[in-house]
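> Got a predicted structure plus its sequence, pasted below:
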Amino acid sequence: MIGQIIKKQFLLLWRSPVELLLLLALPVVLIVILGSALGNFMDGDSPGMHAKVAMIEHSSEREQFEKFKRDFETDLGLTEDTVANIEKRLPIQTLKTIFHTKEISKMMELEEISVEEKSKILQEDTYTAVIEVPEDFSYQYLSYILLDRKQAPQLQLYENEEKQLSAGAIQSIIKSFQQQLTLESLLEEKGMDQNEAALSTISVEGQQKNLEQSKPITAKEYYTVGMAVMNALFVASTIGLIAFREKQSFVFARIILANMSKWTYFTGVLCSAVIFSLIQLFVIYGFAWLIFDVSWDDLTAFILITIAFSISVGGITVLLTAISYRMHSETVTNLFSSVIVSILALVGGSFFPIGENVQVIELIGNFTPNGSGMSAYLAILRGESIGKIGNHILFLSVFGFAMIMIAAMTFPKRGRMV
Amino acid sequence: MLELVNISKKFKQTYAVKNMNMFMERGEIVGLLGPNGAGKSTAISIMSSLVEPTAGEVYFDNRSILKNPTSFRKVAGIVPQEIALYEDLTAEENLRFFGRIYQIKGKQLQKRIEDVLQIIGLADRKKEVVKTYSGGMKRRLNIGVALLHEPELLIMDEPTVGIDAQSRKYILETVKQLNKEMNVTILYTSHYMEEVEYLCNRIYIMDKGNLIAAGTKEEINRILSGEKSIVIKASHLTNPFIYELKTYPLVNSVDVMDKQITVMVSKEVNLFKDLIAMADEANIELISVNIKTPTLEDVFLHLTGRALRD
C-alpha cells in the first residue's frame, strides 16, 4: 500500500516537468553559476591576481660570494664540499627560485631591474612591489651565518599602495624568506643539517603541510553541498503541496474511504519525500562528480549524512502536510518554500560561509537541517573522519524524527478527514 | 440497508445538519434534494463515515458505521462532488491506483478496470491523461473509480454538476443501468429536479440543514395535489402588486423571481379575471400567464420559499 503511494507520487512528479526541472536542474545551474562567480573568493588561490615584482640588485651576488670566499675561505677552513653547499644556497638566488616555483609564478612575475631604473619604476604603477637588495647583502648574509654576526641583513620592499592585496602577498613571501634566513643561522649554530630546511622548499612545503592538515574546500565543492542541501528542502514543499492538493480535491478522502489507514498514507508521503530527497541528492552529487570532480573519499560517511538529511527532509514534508491538512490551507507550505527555505539557506551557509566569522550564526546554522547537513558534508570533504560528523548525523536524525512525531500529532483525527 | 437516526452536525454555532432521519432499502434509488448550502454534502460525508456527527447514529445493515467504518467502506462507493482524480495520470492509471488502494490485484484488477471503463464509456480514451478530458468525461471517470470494488451502495454527490447535456444523459443512463442490472442501491443528490424525478423512487428534500419533506415522488407531489400553479410573466413588478397578490384571500402562496411570479391557488379557484384587474390597476403589462399542475420544483418552492438552484 505504501508502495502504491510512493509509485503514484513519482509518477505525478515525473509528469510535472516544471517541478522536476526546479528540483533537479535548478540546483545544478546554481552550482555552476555560484561556483564560477564566487570561485575566486572561495578558493582562496586568487586566480585573478597577477602581480609584477621588480628586483633591484645593487651588486652581483656571485661577486659577493667570490669576495667572501677570498676573504674567509682559509680562516674558516672551509672544505670544497661546504663551499659548494653555500654556493647552492645563496639567498638572492634562492629568493629568485621561490618566485619561479610553479605555484608562485602563476600569480607573480619577477623582473630584474637595473639600479638606474629604480626611481623611474617607483614613480610608475606597473609593479606591485619592488624588492631592493642592498649592496653587499649576500656578503653580509654569509658573514651572519658563518661568522656569527649578530645582525642579519634586510631586504628593502616597496609596495604599491593601489595593489594592496597582491602587495600583501609579496610582503608575506619576503617576511617568510627573512625568517628563513634567521632559521638557517640557528640551524648552523646548532650544528643541524641545513638541507632539511632548504629555503626553496620550506616555504612551499609549509603550504603543503597545511593542505594535508585540512584539505581546503573549493568553490565548486562548497556550492555543490550548499545548493544540494538547500534544494532538497524544496522536495518537502513540493511533496507537501501534492499531498495537500489530494486533500483539496477529495482524493485523500477517497483513499481513506478505500479503507487505507491514514497512517499508511502518512508513511507513504514520508517515504516518498525521503526517497525523492535521496534521489535528488544523488543526482546533484553525481553531476558534481562528473562535471566538477567533487568526490567523496569517505563514501560511508557521505551515505550516512545523505540518509540522515533525507530523513529530516521527510520529517519537514509530513509536518507541512499535517499543518496544511489541519489548516485547510496551503499557506504554510507556500511560506516555507518562498521564505523559510531562503532563511534556512542563508543561516545554514548555502550562499556563503556566513558562520565562518560569526560564531553565533554558525551555531544557529548547525541547528538547521541544511546547515547541519552542510557542515557534515564539508567536514568529510575536508578529510575529517566519520567520528567528527557523528553529532551532525545524530542531530539530523533526531530533527527528522521530532518533525515526524509533531506531524503525527497534528495530522487530522478520525472523523475529521474532509 | 442504510439508516440515519437523528443525525446532527454542528460547526461552531451553526448546524449544517439538524436531526436528520433517513433510510434506504436495498435496490432503491433515493434522491436527496436541496439548494446549495442545504447540508447535503455534510450529510453525505457523515453517511460515508468521513465526518463524525455531533449527535445521532448511522447504521448499515443494522451495524453502526461510526463504530465500524471499515466493513461499511468495503461495500460503499462514494462519488464526491469534486473531481477526485489525478489529472496528470491517465484514466487507466487512476483506476489502477485506486484499485490497488482497494486491494484489488493482478488479473482481477485488470478485469475490473476494463469493466469499469466499459461502463463509463472511456475504454477508447483510457491511455489519455485526465487533464485532457472534457468535464463530462472527468465526471464519468469520477464515478468509475467508485465502482471499482463493485459496491452494493453508491452515494453520488451531485455527479452532473457543470457538464454538457450529452454527458449528463450518459451519466443518468449509467446510474439507471447500475441500479437495474447490478442491483446497486444509489443515493443521488442533486439540485437538478428533473434528474431526481427521472431517477429516484423516493426523495428527501433538505433546506438549511433540515429535512423538510420525504416520500415517494407521488407522495411529495401530493403535497400540492389540491392546488395548481399560475406562472405570471410581466414587463415589470411593483411592490403594491405583489402585496395585493399575497393578501388576496384565495391565494395560498406567492413566490417572486425576477419578473416572474408563481401563485399557488386551489384547483377550483379561477383567478384569471381578478389577476388581469390587479395588473391593470398597478399599470403592469402581463406578458404571459400559464396555469399548470404543480411539479416537484413547485413543491420545493412551496416548502422552502426559494428555487432549487438559488
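Here it is on my side, so go on. Everything quoted here is computed from the prediction, not taken from an experiment.
> Can you get me a residue count around A:Lys388?
15 (other CB atoms under 10 Å in any protein chain shown). Placement of C-beta: from N, CA and C, glycine included.
> Grab the nearest non-local neighbour of it.
A:Ala379 (5.6 Å; CB to CB, 6 or more residues apart in numbering or on different chains).
> Identify the residues contacting the one you found.
A:Ala379 makes contact with A:388-389, A:392, according to CB atoms under 8 Å, 6 or more residues apart in numbering or on different chains.
> go again using 10 Å as the cut-off
By CB atoms under 10 Å, 6 or more residues apart in numbering or on different chains, the residues touching A:Ala379 are A:214, A:217, A:298, A:301, A:305, A:385-386, A:388-389, A:392.
> Name the residues of stretch A:359-375 that are buried.
A:361-362, A:365-366, A:368-375 (16 or more other CB atoms under 10 Å in any protein chain shown).
> What pLDDT does the model give A:Val358?
On pLDDT, A:Val358 comes in at 68.
> Work out which residue lies at the spatial centre of the chain.
I'll assume chain A. In chain A, the residue lying closest to the centroid (CA atoms, centre = their mean) is A:Ile217, at 2.6 Å.
> should've been chain B
In chain B, the C-alpha nearest the mean C-alpha coordinate belongs to B:Ser190, at 2.0 Å (CA atoms, centre = their mean).
> next one: phi and psi at that one?
Backbone dihedrals for B:Ser190, given as degrees, to the nearest 10, come out at phi -160, psi 160.
> Please identify the helix or strand for B:Lys169.
Using DSSP states H and E, B:Lys169 sits within helix B:165-182.
> Is that helix in proximity to chain A?
No. Contact of helix B:165-182 with chain A (CB under 10 Å from any CB of the partner chain) is absent, the minimum separation being 17.8 Å.
> Report the buried residues of that helix.
Neighbour-count burial for helix B:165-182 flags B:167-168, B:170-172, B:174-175, B:178-179 (criterion: 16+ other CB under 10 Å).
> where does chain A have low pLDDT?
Low-confidence regions of chain A, defined by pLDDT under 70, span residues A:38-49, A:165, A:183-215, A:355-358, A:414-418.
> all strands in it, in order from the N-terminus.
Ranges of strands within chain A are A:51-57, A:108-113, A:129-133, A:156-159, based on DSSP state E.
> okay, the ones you listed in a markdown table with mean neighbour count and distance to chain B next?
Formatted as a markdown table, the strands of chain A follow (neighbours: other CB atoms under 10 Å in any protein chain shown; distance: least, CB to the nearest CB, whole Å):
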| stretch | mean neighbour count | distance to chain B |
| --- | --- | --- |
| strand A:51-57 | 20 | 59 |
| strand A:108-113 | 16 | 59 |
| strand A:129-133 | 21 | 65 |
| strand A:156-159 | 16 | 65 |
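> can you list the domain ranges for the chain.
This is for chain A. What automatic domain parsing lists as the domains of chain A is A:2-42+A:216-410, A:46-213.
> You answered for a different chain; I wanted chain B.
Taken from automatic domain parsing, chain B resolves into B:2-221, B:226-293.
> Single out the most deeply packed of these.
domain B:2-221 (a mean of 19; mean count of other CB atoms under 10 Å in any protein chain shown).
> Centre of the chain to that domain, how far?
Distance of domain B:2-221 from its chain centroid, counting by CA atoms, centre = their mean, to the nearest Å, is 10 Å.
> Name the nearest residue to residue 91, ignoring sequence neighbours.
Because you didn't say which chain, this covers chain A. Nearest to A:Pro91 is A:Tyr141, by CB to CB, 6+ apart, at 5.0 Å.
> actually it's chain B I care about, not the one you picked
Using CB to CB, 6+ apart, the closest residue to B:Ala91 is B:Lys126 (4.7 Å).
> try A:Tyr377
Closest to A:Tyr377 by CB to CB, 6+ apart is A:Val225, at 4.3 Å.
> what's the burial count for that neighbour?
29.
> what about it, distance to A:Gly348?
10 Å (CB to CB, to the nearest Å).
> shared neighbours of these two, anything?
A:370, A:373-375.
> Spell out which residues of the stretch 151-300 of chain B are next to chain A.
Residues of the stretch 151-300 of chain B lying near chain A (CB under 10 Å from any CB): B:155, B:157.
> shaky segments in the stretch 151-300 of chain B?
B:224-225.
> Helices along that one, start to end?
Applying DSSP state H, counting those that start in this stretch to the stretch 151-300 of chain B gives helices spanning B:165-182, B:193-199, B:217-222, B:239-247, B:272-281, B:296-304.
> got a markdown table for the ones you listed, with distance to B:Leu109 too?
Output for the helices of the stretch 151-300 of chain B, formatted as a markdown table (distance: least, CB to CB, whole Å):
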| stretch | distance to B:Leu109 |
| --- | --- |
| helix B:165-182 | 18 |
| helix B:193-199 | 30 |
| helix B:217-222 | 39 |
| helix B:239-247 | 61 |
| helix B:272-281 | 64 |
| helix B:296-304 | 41 |
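> of these, which approaches A:Val318 most closely?
Comparing the helices of the stretch 151-300 of chain B against A:Val318 with CB to CB, the closest turns out to be helix B:165-182 (37.4 Å).
> is it true that A:Tyr377 touches A:Ala232?
No. Counting by CB atoms under 10 Å, A:Tyr377 stays clear of A:Ala232, with 11.4 Å between them.
> list the residues that contact both of the two?
Common neighbours of A:Tyr377 and A:Ala232 (criterion: CB under 10 Å, 6+ apart): A:281, A:306, A:309.
> and those as TSV, adding neighbour count and distance to chain B?
As requested, those are exported to TSV (neighbours: other CB atoms under 10 Å in any protein chain shown; distance: CB to the nearest CB, whole Å):
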residue	neighbour count	distance to chain B
A:Leu281	26	24
A:Thr306	22	28
A:Phe309	31	28
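> A:Ile98 and A:Glu87, how far apart?
Where A:Glu87 is concerned, A:Ile98 sits at a distance of 18 Å (CB to CB).
> what's the nearest residue to the residue of the stretch 1-150 of chain A found nearest chain B if we skip its chain neighbours?
Going by CB to the nearest CB, chain B is nearest to A:Arg15 of the stretch 1-150 of chain A, at 4.0 Å. Using CB to CB, 6+ apart and skipping residues adjacent in sequence, the residue nearest A:Arg15 is B:Asp88, 4.0 Å away.
> Chain A versus B:Leu147, what's the distance?
Separation of B:Leu147 from chain A (CB to the nearest CB, to the nearest Å) stands at 12 Å.
> most neighbours, which of the contacts of A:Ala379?
Going by other CB under 10 Å, A:Ile305 tops these with 28 neighbours.
> looking at it, that one is touching A:Asn370, isn't it?
No. The criterion here is CB under 10 Å, and A:Ile305 misses it with A:Asn370 at 11.8 Å.
> Identify the contacts common to these two.
Going by CB under 10 Å, 6+ apart, residues that sit against A:Ile305 and also against A:Asn370 are A:225, A:229, A:396.
> For the second one, grab the count of nearby residues.
By that I understand A:Val229. A:Val229: 31 neighbours (other CB under 10 Å).
> measure B:Leu50 to chain A for me?
Distance, B:Leu50 to chain A, using CB to the nearest CB: 5 Å.
> Now for the closest residue to chain A within the stretch 201-310 of chain B: which residues touch it?
Nearest residue of the stretch 201-310 of chain B to chain A: B:Gly209, at 16.9 Å (CB to the nearest CB). Residues near B:Gly209 by CB under 10 Å, 6+ apart: B:8-10, B:14-20, B:34, B:37-40, B:42-43.
> Just the ones of those in helices?
Among these, the members falling in helices (DSSP state H) are B:40, B:42-43.
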